[in-house]
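Colleague: dropping a prediction and its sequence here:
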Amino acid sequence: MTNDAIMGPVEDFSPLGYEEALEGAVFVKIGIGALKKIKEENYRFSHTYDLVNGGEWKVKVHKNRVAFTHELLDANGYAYLYTKVVELVKGKPTLEIRHKLKNTGKKSIKTSVYNHNFFVIDQELTGPNIETTFPYDIYLDNSENKKVLNFDSLGIVSDRTISFSRYFKKGENVYTSGVMGFRDLPEDYQFSVMNTKTSAGVNIKGDKALEKIVYWANARTYCAEPYIRLELEPGESVQWKFDYSFFAKDKE
């Protein structure tokens, strides 16, 4: 029996030390550990690399929150202490995700982190009832260094909203690596996803400036994927958080 369910939110960091590592040496993924580099032209985020050093994980479960701590002591000069807390805010329909990353190694940490999100609202499949809305006008960057897939046939980008012309068929998807229109300001890390049939949705807000926004959807899920950039010298720390506030509007 197979299970193809999608669950979120799911976060992912870009690799550390991949370009400098020789074949057979290690590179680092925060939240995973040290991985063995193989012979290939470029890093592949969907490839399963051999785990050489998984570091140490600690998980503390509380009534309304779970705290995850991952520590990697040393991997070719990279080391870190990463903490992620997922909390249901008491008295509010809000999920808060707080992060802290400390560079405990000898090398600088320069990485990007994004959230897949993987939204499914009231079991609604991807189609005309799903809207993703930003607080500013958006457009898709179609330049050579950006990839846009199937938005001309399935996606609708209108002013501040991404929507869809019809329900997706099995195997169909849309993708763009260049949703544009945001400023280099923390207050532009926000958007909402809504099922217009049930009037339920979620508002998402971050406290760091966006590096870029990727958008991907298939027949089962619809995902705005915001990236932020993190750069830490040895000994430095950074904190950031995301708020997911859920709502259900009254139908007119």
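Modeller: Perfect, I can see it now. Residues are numbered from 1 along each chain as shown.
Colleague: from now on I want contacts and neighbour counts done on CA atoms only, so please keep to that.
Modeller: OK.
Colleague: nearest residue to the middle of this protein?
Modeller: Taking C-alpha atoms, centre = their mean, the centroid of the chain lies closest to residue 115, which sits 1.1 Å from it.
Colleague: assign residue 187 to helix, strand or coil.
Modeller: Here residue 187 is recorded as helix under DSSP: H, G, I helix; E, B strand; the rest coil.
Colleague: about what we covered before: I'd assumed residue 228 was in contact with the residue nearest to the centre of the chain.
Modeller: No. Residue 115 is beyond contact range of residue 228, at 9.6 Å (criterion: C-alpha atoms under 8 Å).
Colleague: now do the host helix or strand of residue 60: which elements does it pack against?
Modeller: Using DSSP states H and E, residue 60 falls within strand 56-61. Judged by 3 or more C-alpha pairs under 8 Å, 6 or more residues apart in numbering; DSSP states H and E, strand 56-61 is in contact with strand 65-75.
Colleague: next secondary structure after the strand it packs on?
Modeller: strand 78-88.
Colleague: what's the strand holding residue 60 in contact with?
Modeller: 66-72 (C-alpha atoms under 8 Å, 6 or more residues apart in numbering).
Colleague: the same query, at a cut-off of 10 Å, please.
Modeller: Residues outside strand 56-61 that contact it (C-alpha atoms under 10 Å, 6 or more residues apart in numbering) are 31-33, 66-73, 81-86.
Colleague: just the buried residues of these.
Modeller: 31-33, 67-73, 81-86 (16 or more other C-alpha atoms under 10 Å).
Colleague: elements contacting the helix or strand of the chain with the lowest mean pLDDT?
Modeller: Least confident helix or strand, the chain: strand 148-149 with a mean of 86, by mean pLDDT, DSSP states H and E. In terms of contacts (3 or more C-alpha pairs under 10 Å, 6 or more residues apart in numbering; DSSP states H and E), strand 148-149 is packed against strand 173-176, strand 212-218.
Colleague: now render these as CSV, adding mean neighbour count.
Modeller: CSV is the format used below for the helices and strands packed on strand 148-149 (neighbours: other C-alpha atoms under 10 Å):
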stretch, mean neighbour count
strand 173-176, 20
strand 212-218, 20
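Colleague: among the ones you listed, which is nearest residue 154?
Modeller: Of all the helices and strands packed on strand 148-149, it is strand 173-176 that lies closest to residue 154, at 7.2 Å by C-alpha to C-alpha.
Colleague: not counting its own residues, what contacts the helix or strand following the least confident helix or strand of the chain?
Modeller: Next along the chain after strand 148-149, taking DSSP H and E as the criterion, comes strand 155-158. Outside strand 155-158, the residues that touch it by C-alpha under 10 Å, 6+ apart are 127-128, 131-133, 137-140, 149, 151, 162-166, 173-175, 179, 217.
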